[in-house]
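**Q** no FASTA, just this:
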């Protein structure tokens, strides 16, 4: 799905060694109890921003909290830990997380794989009541 590829591409660009410090200064975006903000990856008013806002609205609260905790933790280390995001189609929401530890030679990193339905796919449990 092109929108999801655009999403993870933009997220990955923001979490690189060269740009992650911009997010450290905006760590309050990832405070507990908040929903993911499409401003993180798209300009307000764009098609991508509207699509992400809709997708984030449907995402379960547990995913917002989990992703915020992962991001806050990565941004809170010194230096900040790079995060790589990936998306794959799935039936329901699914999150896989792994972290490569730092070594004496290199920094480690966090990888987050998010699975979900395509944003335009209606979940069977959301079927019209007229059915």
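**A** Yep, it's here. For clarity, every value in this text was computed on a predicted model and none was experimentally measured.

**Q** the chain: strands as residue ranges?
**A** With DSSP state E, the ranges of strands along the chain come out as 83-89, 94-100, 109-116.

**Q** I'd say residue 72 and residue 27 touch.
**A** Yes - using CB atoms under 8 Å, residue 72 makes contact with residue 27 at a distance of 6.4 Å. (C-beta placed from N, C-alpha, C; glycine too.)

**Q** what angle do the longest helix along the chain and strand 109-116 make?
**A** If you go by DSSP state H, the chain has its longest helix at helix 61-76. Helix 61-76 and strand 109-116 are oriented at 160 degrees to each other (axes from the mean of the first three to the mean of the last three CA atoms, to 10 degrees).

**Q** can you list the buried residues in helix 61-76?
**A** For helix 61-76, the neighbour count (16 or more other CB atoms under 10 Å) marks 63, 64, 67, 68, 70, 71, 74, 75 as buried.

**Q** ditto for stretch 108-128
**A** Quick answer for stretch 108-128 (16+ other CB under 10 Å): 109, 110, 112, 113, 114, 116, 117.

**Q** burial check on residue 2, number of neighbours?
**A** 8 (other CB atoms under 10 Å).

**Q** just to revisit the earlier point, out of the strands of the chain, which gets nearest to residue 39?
**A** Nearest to residue 39 among the strands of the chain is strand 83-89 (16.4 Å), distances taken as CB to CB.
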